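How does the following fold in three dimensions:
(chains A and B)
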Amino acid sequence: MTGIARGGFEGLDACVHCGFCLQACPTFLATGDESDSPRGRIELMRGLERGDIAATDPALISHLDRCLGCRGCEPVCPSGVQYGHGLEAARSRIAGSRPVPGVARLALWALTTPGISSVVYWFARVLRATGLPRLLAGWGRFGFAMGMLAATRAAQGGGGRRKAAKARQVAPAAIRRPSPPLATLLFRGCVMQGLFSHVHDATIRTLGVNGYQVRDVSGQVCCGALHAHAGLLDEARALARVNVDAFGDGDEPIVVNSAGCGALMKEYGRLLDDLRGERFGARVRDVTELLAGSAMKGPVAGEPLDLHVAYDPPCHLLHAQGIAVQPLKLFAAIPLLELVPVPGAAECCGSAGLFTLLEPEMSRAVLQTKIDRLREAAPQVVATGNPGCLMQIGAGLAAAGSAARARHPVELLDDAYRAAGRYE
Amino acid sequence: MDGLPTHRLIPDLVVLPGTREELVAVVRLLAALGVSFVPRGAGTGLSGGALAAEGSVLLVLTRLNRIVRIDRDSRLAVVEPGVVNAKLGAAARPAGLQYAPDPSSQSACTIGGNVAENAGGPHCLKYGVTANHILALEVLLADGSLVEIGSPSGESWGPDLVGVFVGSEGNFGIATRITVRLTPLPRAVRTLLADFTGLRTAGEAVSAIIATGIVPAALEMMDQSCINAVEDSVYAAGYPRDAAAVLLVEIDGRNSDAVVAETDVVTDLLRQSGARSVRSAATEAERERLWQGRKKAFGAMGRLSRDLVVQDAVVPRSVLPQVLETIAAIATHYGLVVSNVFHAGDGNLHPNISFDATDPVLKNKVEAASAEIMQACIAAGGTITGEHGVGIDKMRYMPLIFDAESLGAMQAVRRVFDPDERVNPGKVVPVHACREWTHARGDRVGSRGAAPRGEAA
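The predicted model follows:
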């Protein structure tokens, strides 16, 4: 059996069921059921591959549907099991034998179809502008959705941001602006473009301060990550091909500010199984990678912001892309900003793409732990670099009555640069 | 399934009680129905002890995971059985205390499972195994009654029932509340990594250290195959890949001068015994890395092959070098890869046999080699398990070290707690080996045999 013939299941072979992954799995921690743990799911997936368990088996489907796909189990695995690849293979097989759930279909259609999604996002933005979603936020299904929408709103007047009185005493760092500026291409995505365009603006501005000229690329579409997670690999491939064509064969880095998109786009080579995909993947950079710089010197310093920030690393940044230090460099470039340690910050928030819609009960159970710990740590801002996490954590904070906001790390750097007069 | 790939059973039903009250209600219902059951923690065991067969109910205790209290002054903690070992350690640390038994699976395994197996770990060389750290237990018996044994204040009246219960492999009942001893964190710690060009010299170094009378906190050995698996993993600790074996030695204590002095003695001894180099962990981070490599070695060996049997046996420390050579010879004879990672300080061996279980020929070879390794350890004056327990896997070796009368006595003790043998049936004591004894008792035969369940209803 070759790797390709097994479609990702081969990634599971190294598992010797030692169980060291159990405590790294948010869903196992929520239920205590080994079938909701990586090791248990690997057993189910192995059974599926062997043919001992049918792809239509309701228990199999339920336990695999309940996996967040956060891949928190991968970095703790001593034998290097490629859980994510196995999961994708298993989900693809399940998707081939049952219709994709209606909610997932509807969400994918509404959020990622060109033409349709622009109308949906327009309505969402109008609703958001009324300020109602924030008022209606809660733990119920409707309330949570409202909370998610409210969490996408750009911070007005800085959201807790304060100019430090002694600001002018801090000498502006020498601008390492290379001439000519380095060209980089922005990946806009679907949800990011529809609801987080302010993060795109902040990305363009902060990269500009750090010597990058950000260019727009026309003809790009959704990255396909939501489809791939739902087992719709063919649809993900179709979208990936459009993006590969749109971004061309140059060698400018492709900058992404959504961890979920970046994780999949870096793997286009594997998804498409071709060289162009491979080359595309090698060009993809998370915005924090570019800002931190290859030598990890960190971005140009901004004006001090007197803020207490909890950093919540997105799973698809930390586990899937192995990016841990770079986001911290952004915070380090903001004098006075204090990072508040939160236990279990690296655990998944329960967003996981469409998971929050499809498995609300498990999603909320996983989120609840995080919100409890955040409330104890009481930061003013929870910083995280993924749209799903921003909405999930933002909605959770709102539902819990916390005044803290969820924001993208580049937004904070952007505030610090604005305060420093770098955009004047 | 647990950590051992060679046994796989499917229970009729799995129950995950969320509270002690639910657990008690379920066990009482099972008692009324006469159905047997198997308690299970995290399923990290290595002898098939927490597997339930057809006809049995699997009681998974992972949700009973509350640390009820940590008493700093009395240096004890009260926990539910599903509390993860490492989480108890983390909770005790702010009070300057530790829960000393540290099985390598401590990041996943539960205290309830530790009690059932009388779990050991690297630091048990100095601090003692689980049995030395359990003060009192609330036990749920098979008939659904709750009894308290032991005393939180240490000595209790009558026979040492806690000592009897700890290590009973789930045969006597379920520990529903566990009072553990916490010990002060050592003030000074030195961790040494010594590397050797021969397994034999490494084994001799162990004997030399033990002979001085110094009791290291831990004294662990890893051979080359194991070193490479760890170094290929995310837990790479910087062990030298070209070494035939490394020893990880830890000296700790309350007095840092004494620790430094003992470390100097041990360092000299290691050098005299032929260590190529001895390095001391300079920082806490480096020390942690050295330990993580050792503790995750079992999992890392998944890199070598699809499946892995972790064996467990004890031999007198003086014969370690010879036994290691015998194991290597057995491996060569069967054409198998055997890696060694073990608690050298107390002679507790863990030969890890890598293989592909989908190949039935290979699987048979592994079973045959395991049996020969066990026989070699017994012949060297050792025994068949150090800490992983008998479970299902080691039952076949029990008659090699115990006669029918001893096995019968074990059954008799078990029946004091569980007369119908409904908790974790078919484990630990091989029925066929004590049939002679069972027949002699005549009247008890009826409660055993092909259909143990249903009898007590």
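
Residue A:125 contacts residue A:193, doesn't it?
No. Between residue A:125 and residue A:193 there is no contact under CB atoms under 8 Å: 11.4 Å. Every residue, glycine included, has its C-beta placed from N, CA and C.

give me phi/psi at the closest residue to chain A within the stretch 1-150 of chain B?
Here the stretch 1-150 of chain B gets closest to chain A at one residue, residue B:62, 3.6 Å apart by CB to the nearest CB. Dihedral pair for residue B:62: phi -60, psi -30, per degrees, to the nearest 10.

show me the contacts for the nearest residue to it once chain neighbours are set aside.
Spatial nearest neighbour of residue B:62, excluding adjacent residues (CB to CB, 6 or more residues apart in numbering or on different chains): residue A:32 at 3.6 Å. Neighbour list for residue A:32: B:16, B:60, B:62, B:63, B:65, B:82 [criterion: CB atoms under 8 Å, 6 or more residues apart in numbering or on different chains].

Please report which of the residues you listed has the highest neighbour count.
Among the contacts of residue A:32, residue B:62 has the most neighbours (other CB atoms under 10 Å in any protein chain shown), with 25 neighbours.

ok, that one to residue B:367 distance?
31 Å (CB to CB, to the nearest Å).

What of residue A:150?
Residue A:150 is 62 Å from residue B:367, by CB to CB.

Name the residue in these two with the higher neighbour count.
Shown here are residue A:150 and residue B:367; by other CB under 10 Å, residue A:150 has more neighbours (22 against 15).

Check whether the more buried one really touches residue A:396, as I assumed.
No. If you go by CB under 8 Å, residue A:150 and residue A:396 don't touch, sitting 11.7 Å apart.

If we look just around chain B, which residues of chain A are in range?
Contact residues (CB under 8 Å from any CB of the partner chain) of chain A with chain B: A:13-23, A:28, A:31-34, A:39, A:43, A:75-81.

and if we set it to 10 Å?
Applying CB under 10 Å from any CB of the partner chain, we find that chain A lies next to chain B at A:12-24, A:28-29, A:31-35, A:37, A:39-40, A:43, A:50, A:74-81, A:343.

can you map out the helices along the stretch 51-200 of chain A?
Secondary structure of the stretch 51-200 of chain A by DSSP state H, counting those that start in this stretch: the helices cover A:58-65, A:83-95, A:102-112, A:116-129, A:132-136, A:141-150, A:191-195, A:197-209.

Now the stretch 1-150 of chain A against chain B: closest residue?
residue A:79 (2.8 Å).

Distance of that residue relative to residue B:303?
5 Å.

try residue A:18
Counting by CB to CB - residue A:18 and residue B:303 are separated by 12 Å.

Name the residues contacting each of those two.
Listed as contacting both residue A:18 and residue B:303 by CB atoms under 10 Å, 6 or more residues apart in numbering or on different chains are A:78, A:79.

Of those two, which one has the most company?
residue A:18 (28 against 19).

which regions of the chain sit below the pLDDT cut-off?
Let's take chain A. Residues of chain A meeting the criterion pLDDT under 70: A:1-4, A:156-179.

oops, chain B please
B:154, B:432-457.

closest point of it to chain A, which residue?
Closest point on chain B to chain A, by CB to the nearest CB, is residue B:302, at 2.8 Å.
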